[in-house]
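1. Next input, structure requested:
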Amino acid sequence: MTLDEMYDELDLYGFDDFEDSQKLTLLNEAYFDIVTREPWPFLEATTTITVPDGVSQITNNANVSPQVTNLNAVLSFIDTTNGVVMMPERGDTIEKNYKVNNVNTYPEFYYFVGEEMFIYPATDGQTVYRLYYTRIPSAATTTSDTFLIPARHHSIIVYGALVKAFLVNDDPQAAAFQNMFEQRYQQMRNDLWLNQYDRTERIHVLTDGYDWSY
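-> A predicted model of the protein is given here:
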C-alpha cells in the first residue's frame, strides 16, 4: 500500500478531517510499534565491509567501506580474510579482562558501546568482514513511503494507526480496533516466521560432560 492508499483507508473510518501530516505521524508510530516488537525476518540484511588497518569502530565510521549506519542487532559477524567467527562480548568485559591485560592478537571479539559496534583488538592489516544483521527501520516521509513490512501485511499499519486515531478522539472503538490489530499481528507472525515446510521435525540429542546417573 502507498501512503495515499493508507490515507484513503483512514478516511473511510471517519478521519478525513485529519491532516495528511497527522495521518503520517500515526502511521509511523504504528509502524515502529510493530517492527520493534521482534527481530523480524524482513529486517535482516547482509553486507561485506572492508576495514583498514588499525580500526576498531565498525559502525558509523567513514573509514569502513561501505559504512554501516543502520545496524540494530548482530546475527553473525565473520572475518572472511582470516576465517574467524567473531565472538560477541560485553564492553565492560573487554575493558576489564582484555584491555587491562594488554591482549595483543588479531581481532576476535565484537562489542557495543551505546549503539556503536567495535571490535577488539583493532585490525592488524586491511580486513574484510561479512556482517549479517537486523536493520534499524526508517520512518516514512512524504517523499519516501517504503515500509519494510511486506506489502501483503501493510493493513496492520493502518489498524495500528486507527487505534491511535480513535484514542486521540477518546473513542471507545479504540478497544475494538486494538483487538483487530492484535489478531492481524498474529496472522503476520504465523506467515513470516515459518517459510519452509520441506523437512520433518527432528529430535536433537544433547550431550555434556556430566554423569547424570545416580
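
2. Domain map for this structure?
-> 3-40+149-192, 43-135 (automatic domain parsing).

3. Disregarding flanking residues, what is the spatial nearest neighbour of the residue most central in space within the chain?
-> Nearest to the geometric centre of the chain sits T134, at 3.7 Å (Cα atoms, centre = their mean). Among residues not flanking T134 along the chain, L43 sits closest, at 4.2 Å (Cβ to Cβ, 6 or more residues apart in numbering). From N, CA and C alone the C-beta is placed, and that goes for glycine too.

4. After the helix or strand of the chain with the lowest mean pLDDT, which helix or strand is next?
-> When the helices and strands of the chain are scored by mean pLDDT, DSSP states H and E, helix 91-93 comes last with a mean of 91. Going down the chain from helix 91-93, the next helix or strand is strand 109-113, by DSSP states H and E.

5. neighbours around the residue nearest to T134, how many?
-> Other residues near L43 number 20, with proximity taken as other Cβ atoms under 10 Å.

6. Surely it is in contact with S138?
-> No. At 11.5 Å, L43 does not count as touching S138 under the criterion of Cβ atoms under 8 Å.

7. that's a helix at Y31, yeah?
-> Yes. Y31: assigned to a helix according to DSSP: H, G, I helix; E, B strand; the rest coil.

8. got the contact list for the nearest residue to it once chain neighbours are set aside?
-> Counting by Cβ to Cβ, 6+ apart, the nearest residue to Y31 once its immediate chain neighbours are dropped is I157, at 5.2 Å. The neighbourhood of I157, defined by Cβ atoms under 8 Å, 6 or more residues apart in numbering, consists of 1, 6, 27, 30-31, 34, 147, 149.

9. thinking again about what came up before, which of the domains of the chain sits closest to T142?
-> domain 3-40+149-192 (7.0 Å; Cβ to Cβ).

10. Centre of the chain to that closest one, how far?
-> 20 Å (Cα atoms, centre = their mean, to the nearest Å).

11. Also stretch 141-161?
-> 16 Å.

12. which strands and helices sit next to the longest helix along the chain?
-> In the chain, with assignment by DSSP state H, the single longest helix is helix 173-192. Contacts defined by 3 or more Cβ pairs under 8 Å, 6 or more residues apart in numbering; DSSP states H and E place helix 173-192 against helix 155-168.

13. and the angle from the helix it packs on to helix 173-192?
-> Angle of helix 155-168 versus helix 173-192, following axes from the mean of the first three to the mean of the last three Cα atoms, to 10 degrees, is 160 degrees.

14. buried residues in helix 155-168?
-> 155-166 (16 or more other Cβ atoms under 10 Å).

15. quick one: average pLDDT of that helix?
-> Per-residue pLDDT over helix 155-168 has a mean of 95.

16. Could you export it as CSV, CA atoms only?
-> What follows is helix 155-168, C-alpha atoms only, in CSV (Å, rounded to 0.1, in the frame of the first residue of the first chain):
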residue,chain,number,x,y,z
SER,A,155,-3.0,-3.3,6.6
ILE,A,156,-1.7,-3.9,10.1
ILE,A,157,0.0,-0.5,9.9
VAL,A,158,-3.4,1.1,9.2
TYR,A,159,-5.1,-0.9,12.0
GLY,A,160,-2.4,0.4,14.4
ALA,A,161,-2.9,4.0,13.2
LEU,A,162,-6.7,3.6,13.7
VAL,A,163,-6.2,2.6,17.3
LYS,A,164,-4.2,5.7,17.9
ALA,A,165,-6.6,7.9,16.0
PHE,A,166,-9.6,6.6,18.0
LEU,A,167,-7.6,7.2,21.2
VAL,A,168,-6.9,10.8,20.1
